[in-house]
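Q: everything below, folded, please.
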Amino acid sequence: MKLYLFFFAVLLSFVSVNAQAQAAPPSCEIQVLAIEAALGDADAQYNLAVAFHQGEKVPQDLAKSAALWKMAAKAGVVSAYNNLGHLTYYGRGIKQNYAEGIRLWRVAATKGHSESLVHLAFAYADAKFLKIDYVEAYAWAVAGKQAALQDTEPDMQQAISKMADEILAEIEPKLTSTTLPLAKRRATLYISRYVRK
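A: Next up is the predicted model:
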């Protein structure tokens with residue numbers, strides 16, 4: 001019942017915002033997404049969350065994105081775990097919770113989600129919650145870069161590879177002649193476990 005009330009409120013917000021602003025009416029695509037999301041379609045929940053996150057065709061609302069990605073994640077949408085992890089780790093639209101953000105990224109990372117693999121690399125290097133571990137950061141970043149090659153969208157491949165390269169450039173100088181071989185072995189292990197063939 002709460003789900004239906006949430007989406008009814010979303011639909012009402014479309015009507016009230018457009019009536020007040022005298023802007024163009026919301027696209028039929030968004031209305032259809034909202035209805036399908038209210039009926040429990042996980043892909044629609046995910047895509048509507050993206051629309052709220054980007055603020056295109058609807059006003060940006062990160063709290064609504066978080067709520068929708070949470071529903072999509074419960075239904076098993078891997079990218080929803082990644083995106084919800086990002087909002088949670090950085091406290092955007094939802095209460096900040098480093099441990100929960102990392103947990104969500106781990107769920108997606110173990111399913112081969114390239115961006116989550118790289119987010120874990122940053123988490124091991126940023127000292128916000130996890131103890132700094134450059135071996136782990138290196139391993140997750142290399143695995144993420146390798147997983148990005150499996151992405152079907154060239155823009156995503158580039159973006160994830162760039163993120164991985166940034167963290168690798170930061171941490172490689174901090175690895176020693178002892179820790180670098182260990183980091184490479186661990187990266188090989190993570191690639192074998194988490195990167196789709």
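
Q: please tell me how far the nearest residue to residue 71 once chain neighbours are set aside sits from residue 79.
A: Of all residues not flanking residue 71 in the chain, residue 45 sits nearest, at 4.7 Å (C-beta to C-beta, 6 or more residues apart in numbering). Just so you know, the C-beta spots here come from the backbone N, C-alpha and C atoms, and that holds for glycine as well. From residue 45 across to residue 79, the span is 11 Å (C-beta to C-beta, to the nearest Å).

Q: name the element the residue nearest in space to the middle of the chain belongs to?
A: Nearest to the geometric centre of the chain sits residue 83, at 2.3 Å (C-alpha atoms, centre = their mean). Following DSSP states H and E, one finds residue 83 within helix 78-90.

Q: tell me what the following helix or strand past that helix is packed against?
A: Using DSSP H and E, the helix or strand that follows helix 78-90 in sequence is helix 98-109. When contacts are defined as 3 or more C-beta pairs under 8 Å, 6 or more residues apart in numbering; DSSP states H and E, helix 98-109 packs onto helix 78-90, helix 114-125.

Q: restrict the last one to CA atoms and write it as CSV.
A: By that I understand helix 114-125. Only the C-alpha atoms of helix 114-125 are listed here, as CSV (Å, rounded to 0.1, in the frame of the first residue of the first chain):
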residue,chain,number,x,y,z
SER,A,114,32.5,-2.6,-13.1
GLU,A,115,31.6,0.7,-11.5
SER,A,116,31.1,-0.9,-8.1
LEU,A,117,34.5,-2.6,-8.4
VAL,A,118,36.1,0.8,-8.9
HIS,A,119,34.0,2.4,-6.1
LEU,A,120,35.4,-0.3,-3.7
ALA,A,121,38.9,0.7,-4.8
PHE,A,122,38.2,4.3,-3.9
ALA,A,123,36.7,3.2,-0.5
TYR,A,124,40.0,1.4,0.3
ALA,A,125,42.0,4.5,-0.5
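
Q: using PDB, write out every CA atom in whichever helix or strand comes after it.
A: Going down the chain from helix 114-125, the next helix or strand is helix 134-148, by DSSP H and E. Presented in PDB, the C-alpha positions along helix 134-148 are these (Å, rounded to 0.1, in the frame of the first residue of the first chain):
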ATOM      1  CA  TYR A 134      46.500   0.000  -1.200                       C
ATOM      2  CA  VAL A 135      46.700  -3.600  -2.100                       C
ATOM      3  CA  GLU A 136      43.000  -4.000  -2.000                       C
ATOM      4  CA  ALA A 137      42.400  -0.600  -3.700                       C
ATOM      5  CA  TYR A 138      44.800  -1.700  -6.500                       C
ATOM      6  CA  ALA A 139      43.100  -5.100  -6.900                       C
ATOM      7  CA  TRP A 140      39.600  -3.700  -7.000                       C
ATOM      8  CA  ALA A 141      40.600  -0.900  -9.500                       C
ATOM      9  CA  VAL A 142      42.300  -3.400 -11.900                       C
ATOM     10  CA  ALA A 143      39.300  -5.700 -11.700                       C
ATOM     11  CA  GLY A 144      36.900  -2.800 -12.300                       C
ATOM     12  CA  LYS A 145      38.900  -1.700 -15.300                       C
ATOM     13  CA  GLN A 146      38.900  -5.200 -16.700                       C
ATOM     14  CA  ALA A 147      35.100  -5.500 -16.100                       C
ATOM     15  CA  ALA A 148      34.600  -2.200 -17.900                       C
END
